[in-house]
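Asks: Got a predicted model here, sequence first, then my questions.
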Amino acid sequence: MAEQPQEPEKTVYQRDKTAKEPKPLADAPKSPAKPKPKIKKVFVPKKTTFTTDKPMEHRVRNIRLTSLESAKMIFDILVDFQNDLAKAEMDDPDKPFHDWEKVEKFFSRLAKKYSICQSKKLGGDLGWVYKGMTLPDQIMTKELLEEIMKLEKFIIPDPVKSNLGFHILMICESQIHTPRDKPEEKESRPLF
């Protein structure tokens, strides 16, 4: 049986001499101290006023009630909920937006439960509303449309009275209204 080769007890491993040695630069200035890391700023939303000549459109939610007392009661519940959310502390810089989403969901649940409007099943969602639109019957009046156009986003106003009842309105989104072109109808040819 052949013996396995043994490694000597004191082996000296040497570096490959074919690699070039780095030469220190005598003229090179000493490296400056490392820069301090920049502190990232937290995004703070600023409320800006937006003015334009173009017509605006708003995505609106609505709770319609028969009496002013019930409308004020639901309005107070919404305002209390909104204030409770604002008092809760969080490190999230987008907290105001998340709070508004929670208020919108709560508004939707209240609309499904208490509203007498046909939009009740949709959580009070009236869709996109703009001046000059054709008004759906038994859902909106011209006076209500005028009130909606005066409202601001992120603020739930006092109940509004119309011919249909008392409305609690909420602007969910706003954008510049761009009229949509009606799709052109192609001439239909008979199959046979």
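Replies: Now that the structure is in, tell me what you want to look at. Note that the structure is predicted; figures quoted are calculated from it, not measured. Numbering: from 1, shown residues only.
Asks: May I ask you to name the longest strand in the protein?
Replies: strand 165-176 (DSSP state E).
Asks: by contact count, what packs against it?
Replies: strand 56-65, helix 68-87, helix 95-114, helix 142-150, strand 160-162 (3 or more Cβ pairs under 8 Å, 6 or more residues apart in numbering; DSSP states H and E). Heads up, the C-betas are built off the backbone N, CA and C, glycines and all.
Asks: Can I get the host helix or strand of Val129 in CSV? Just the C-alpha atoms.
Replies: Taking DSSP states H and E as the criterion, Val129 maps to strand 125-130. The C-alpha coordinates for strand 125-130 follow below in CSV (Å, rounded to 0.1, in the frame of the first residue of the first chain):
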residue,chain,number,x,y,z
ASP,A,125,-71.0,57.4,-3.9
LEU,A,126,-72.4,59.9,-6.5
GLY,A,127,-69.4,59.5,-8.8
TRP,A,128,-67.7,62.4,-10.6
VAL,A,129,-69.8,65.6,-10.4
TYR,A,130,-69.1,68.7,-12.4
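Asks: what angle do it and helix 142-150 make?
Replies: If you take axes from the mean of the first three to the mean of the last three Cα atoms, to 10 degrees, strand 125-130 sits at 80 degrees to helix 142-150.
Asks: Quick check: neighbours of strand 125-130 in the sheet, parallel or antiparallel?
Replies: Here strand 125-130 has these sheet partners by DSSP bridges: strand 56-65 (antiparallel).
Asks: pLDDT on the strand it pairs with, on average?
Replies: The average pLDDT within strand 56-65 is 88.
Asks: got the angle between that strand and helix 68-87?
Replies: Using the same axes, to 10 degrees: strand 56-65 against helix 68-87 is 120 degrees.
Asks: what sits up against strand 56-65?
Replies: By Cβ atoms under 8 Å, 6 or more residues apart in numbering, the surrounding residues in contact with strand 56-65 are 71, 74, 104, 107-108, 110-111, 114-117, 119, 123-130, 148-149, 151, 153, 159, 164-177.
Asks: Can you tell me which of those are buried?
Replies: 71, 74, 104, 107-108, 110-111, 114-115, 117, 119, 123-126, 129-130, 148, 151, 159, 164-172, 174, 177 (16 or more other Cβ atoms under 10 Å).
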